[in-house]
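J.: sequence-free structure coming up:
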């Protein structure tokens, strides 16, 4: 069955770093093999660097980014716990759903899609929530939410942050910002195929965990005793060995280039794309000042047929971009410049191809 | 960081088929790309063949085998539901834990580790359970449990079966046996690195699903609308693209050889190993007549130090075998001949190496 080579400029997955692809060829060893455990430890260390944390409980969850979201909630939210969720996009909505399934009393604080959350409103929503949860980089809208004021004002609450599309793409400072639980996905700015969810949890949150989470598979008490322990390892589930190899190598590529340099590369590509779309007469969707460089939303111009344009980009150019979701299906495009895909040549190519397809 | 080449003869992961490893090099495309969806559909068809089912809801869960277990329970078990679990090993124990976290009233039917479950006792445990759950091939003990009588006698109950270590290693006949929900892992007899959990669910079970499972990530209602639908695909979570490639290729290798031939190869290797261990004067742990060919348990002989022997096999020969678990830690070894590893040469090598290490 033939598979085409795509330039992946949608909301993820992005094209992986070659190092991550090569790592798939490393020989499979057992999940309790000393050689694997050393590599896993190094992977967790690399994750600490990109998350900006010293949290001992920092590890890859054995599922995609959404498993990271579920692991984050299910370990700290029990029946009746108050959870304030900032919602300005699909992934904030998803947080409400996931928290609700944990039995939480969910208090939503909405902002219009395309605009950022108001941190003061999030902090004022309840006097003593157990958890305050927000998405750092909303993949559905291209908006970045400010995390730092939430950490400063969280009081006794645990601050839970979705870093799926932000980690290794824009600055993330878990310890500096006072984030208690953060998770990500591998297939965005980390530049690794989808399959794992990097996660970190502060000691403060760890002490306030639900004793017996409703999920066995995502129980961080047990997973931590396998993946992030200085003591004897306890088998929990068979780690996804080859995906861990790929993550280890992708993080290696990021850190070899330098985290700051990688983030600067994302910033520069985003700036060039935003300028180019503007010059083409297209209108950006996310509010100015809150636009993500790694995920750009642009309104489908009048006279253009959303699906036709994306289809032509895919078929004629081998370029994937994303459509809008929710109320914005058919109304915006989502263009990702993430990880290995955050390259100036991809900006140039996409702008030129889009101009050809749109006849501009 | 160096990684050794191991001959993986433990309880899993097994050495993958070369086809599965090569498939990792296929280019990553998006999870909504028509090319990926066609490959995913073919993967689901191949899973139907190995499971022996026509169930439309047959797909890979985006996690390891234990995620398959959790997906199986969480979608059909709600608070107060009666679940009968046959327990004769670690994975039966785990089922009780997982079902309990779903709020089930769990009724255990125990058999000694190393012996099979008594189907009549399992069926007699409760007059009207919602679910009867058993492990087909107990990886912790090397015992195979009979599934067919449970399907014949299940009445109104749903029959839920763990096929992690049985699928593509010994005969599995989901539709013929009346199994309603079955799941597996990729890293055993399917011969693919760990990371996905093939799962199938009958239409009968599908109609009796929990409306809003406590797990969002494993909600088969939503996953089915993405992965196993004849209608429009709905995005749920980003599929682990590269792992699906590997599974697709591993299943291809199995079906190219022929499922019957693969199962015969496992049977022959297991027979040779059992005979060889017996000839060496070692005692098999699992009761005769119920021994799995793909996973053999053998008692650590008197005078031999469990961990030392395994360490010497690993370091001097590059061979991994597994230790015992639970009450049998230090008392048995677990030897897997699974997937690509189920080869006569591996039997010969292991027997010879073990004889050298034990001085027999």
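T.: Right, received. Where do you want to start? Because the structure is predicted, anything quoted here is derived from the model rather than measured.

J.: From here on, just use CA atoms for contacts and neighbour counts.
T.: Fine.

J.: show me where chain A has strands.
T.: In chain A, strands defined by DSSP state E lie at A:7-8, A:57-61, A:82-87, A:105-110, A:131-135, A:137-138, A:143-144, A:158-162, A:181-183, A:197-201, A:295-299, A:319-320, A:322-323, A:332-336, listed in chain order.

J.: Which strands and helices lie in contact with the fourth one?
T.: Helices and strands touching strand A:105-110, as assessed by 3 or more CA pairs under 8 Å, 6 or more residues apart in numbering or on different chains; DSSP states H and E, comprise strand A:82-87, helix A:90-101.

J.: List the neighbouring strands of it plus their orientation.
T.: strand A:82-87 (parallel) (DSSP bridges).

J.: Tell me what angle the strand it pairs with forms with strand A:158-162.
T.: 30 degrees (axes from the mean of the first three to the mean of the last three CA atoms, to 10 degrees).

J.: List the buried residues for strand A:82-87?
T.: A:82, A:83, A:84, A:85, A:86, A:87 (16 or more other CA atoms under 10 Å in any protein chain shown).

J.: try stretch A:207-214
T.: A:209, A:210, A:213, A:214.

J.: quick one: which of these is nearest to chain B?
T.: residue A:214 (4.9 Å; CA to the nearest CA).

J.: Burial check on residue A:309, number of neighbours?
T.: Residue A:309: 17 surrounding residues under other CA atoms under 10 Å in any protein chain shown.

J.: out of the buried residues of stretch A:207-214, which touch chain B?
T.: For chain B, the contacts drawn from the buried residues of stretch A:207-214 by CA under 8 Å from any CA of the partner chain are A:213, A:214.

J.: Turn the buried residues of stretch A:207-214 into TSV, including distance to residue A:19.
T.: Formatted as TSV, the buried residues of stretch A:207-214 follow (distance: CA to CA, whole Å):
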residue	distance to residue A:19
A:209	36
A:210	38
A:213	36
A:214	37
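
J.: Would you convert the buried residues of stretch A:207-214 into TSV that also reports pLDDT?
T.: Shown next, in TSV, are the buried residues of stretch A:207-214 (pLDDT from 0 to 100):
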residue	pLDDT
A:209	97
A:210	97
A:213	98
A:214	98
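
J.: picking up where we left off before, mean pLDDT added to the strands of chain A, as CSV?
T.: Formatted as CSV, those follow (pLDDT from 0 to 100):
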stretch, mean pLDDT
strand A:7-8, 98
strand A:57-61, 98
strand A:82-87, 98
strand A:105-110, 98
strand A:131-135, 98
strand A:137-138, 98
strand A:143-144, 98
strand A:158-162, 98
strand A:181-183, 98
strand A:197-201, 98
strand A:295-299, 98
strand A:319-320, 98
strand A:322-323, 98
strand A:332-336, 98
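
J.: can I get the helices and strands packed on strand A:105-110 in TSV with distance to residue A:255?
T.: Listed next are those as TSV, based on distance: least, CA to CA, whole Å:
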stretch	distance to residue A:255
strand A:82-87	31
helix A:90-101	28
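
J.: Which of the ones you listed sits closest to residue A:359?
T.: helix A:90-101 (31.7 Å; CA to CA).

J.: Does that closest one pack against any helices or strands, and if so which?
T.: helix A:65-74, strand A:82-87, strand A:105-110, strand A:131-135, strand A:137-138.

J.: Would you format the strands of chain A as TSV with distance to residue B:335 included?
T.: Output for the strands of chain A, formatted as TSV (distance: least, CA to CA, whole Å):
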stretch	distance to residue B:335
strand A:7-8	43
strand A:57-61	28
strand A:82-87	48
strand A:105-110	49
strand A:131-135	46
strand A:137-138	47
strand A:143-144	51
strand A:158-162	42
strand A:181-183	37
strand A:197-201	32
strand A:295-299	49
strand A:319-320	46
strand A:322-323	48
strand A:332-336	47
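
J.: Find the centremost residue of chain A, please.
T.: With distances taken as CA atoms, centre = their mean, residue A:164 lies nearest the centre of chain A, 0.7 Å away.

J.: how much space is there between the closest residue to that residue other than its chain neighbours and chain B?
T.: Among residues not flanking residue A:164 along the chain, residue A:184 sits closest, at 3.7 Å (CA to CA, 6 or more residues apart in numbering or on different chains). In this view, residue A:184 and chain B are 13 Å apart by CA to the nearest CA, to the nearest Å.

J.: what does the stretch 51-200 of chain A have sitting close to chain B?
T.: So the stretch 51-200 of chain A meets chain B at A:62-67, A:70, A:97-98, A:101-102, A:193-195 (CA under 8 Å from any CA).

J.: Settle this for me: residue A:96 is touching residue A:106, isn't it.
T.: Yes - at 6.5 Å, residue A:96 counts as touching residue A:106 under the criterion of CA atoms under 8 Å.

J.: list the residues that contact both of these two?
T.: Taking CA atoms under 8 Å, 6 or more residues apart in numbering or on different chains as the criterion, residue A:96 and residue A:106 both touch residue A:85.

J.: what stretches of the stretch 51-200 of chain A score poorly on pLDDT?
T.: Scanning the stretch 51-200 of chain A for pLDDT under 70 picks out nothing.

J.: what number of residues lie near the residue lying closest to residue A:55 once chain neighbours are set aside?
T.: Excluding the flanking residues, the one nearest residue A:55 by CA to CA, 6+ apart is residue A:202, at 5.4 Å. Close neighbours of residue A:202, defined as other CA under 10 Å, add up to 22.

J.: Let me know the pLDDT of residue A:202.
T.: Model confidence at residue A:202, given as pLDDT, is 98.

J.: residues in contact with it?
T.: So residue A:202 contacts A:55, A:56, A:57, A:179, A:180, A:181 (CA under 8 Å, 6+ apart).

J.: Format those residues as CSV; extra columns: neighbour count.
T.: Below are those laid out as CSV (neighbours: other CA atoms under 10 Å in any protein chain shown):
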residue, neighbour count
A:55, 22
A:56, 17
A:57, 24
A:179, 27
A:180, 24
A:181, 30
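
J.: biggest separation within those residues, which pair?
T.: Most distant of these, by CA to CA, are A:56 and A:179, 14.2 Å apart.

J.: Burial check on residue A:258, number of neighbours?
T.: So residue A:258, with other CA under 10 Å, has 12 neighbours.

J.: Any idea how many residues pack against the residue in the stretch 251-360 of chain A that chain B sits nearest to?
T.: Nearest residue of the stretch 251-360 of chain A to chain B (CA to the nearest CA) works out as residue A:320 at 7.6 Å. Residue A:320: 28 surrounding residues under other CA under 10 Å.

J.: and it, bridged to which residues?
T.: With DSSP bridges as the rule, residue A:320 is bridged to residue A:8.

J.: That one: what's it in contact with?
T.: So residue A:320 contacts A:6, A:7, A:8, A:9, A:10, A:310, A:313, A:314, B:30 (CA under 8 Å, 6+ apart).

J.: ok, back up a step: between the contacts of residue A:202, which sits nearest residue B:245?
T.: Checking those one by one against residue B:245 (CA to CA), the nearest turns out to be residue A:57, at 30.9 Å.

J.: In stretch A:34-48, which residues are buried?
T.: Buried, per 16+ other CA under 10 Å, within stretch A:34-48: A:36, A:37, A:39, A:40, A:41, A:43, A:44, A:45, A:46, A:47, A:48.

J.: Check those one by one and keep those near chain B.
T.: Restricting the buried residues of stretch A:34-48 to those near chain B - CA under 8 Å from any CA - leaves A:36, A:39.

J.: May I see the buried residues of stretch A:34-48 arranged in CSV, with pLDDT as well?
T.: Shown next, in CSV, are the buried residues of stretch A:34-48 (pLDDT from 0 to 100):
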residue, pLDDT
A:36, 97
A:37, 96
A:39, 97
A:40, 97
A:41, 97
A:43, 98
A:44, 98
A:45, 98
A:46, 98
A:47, 98
A:48, 98
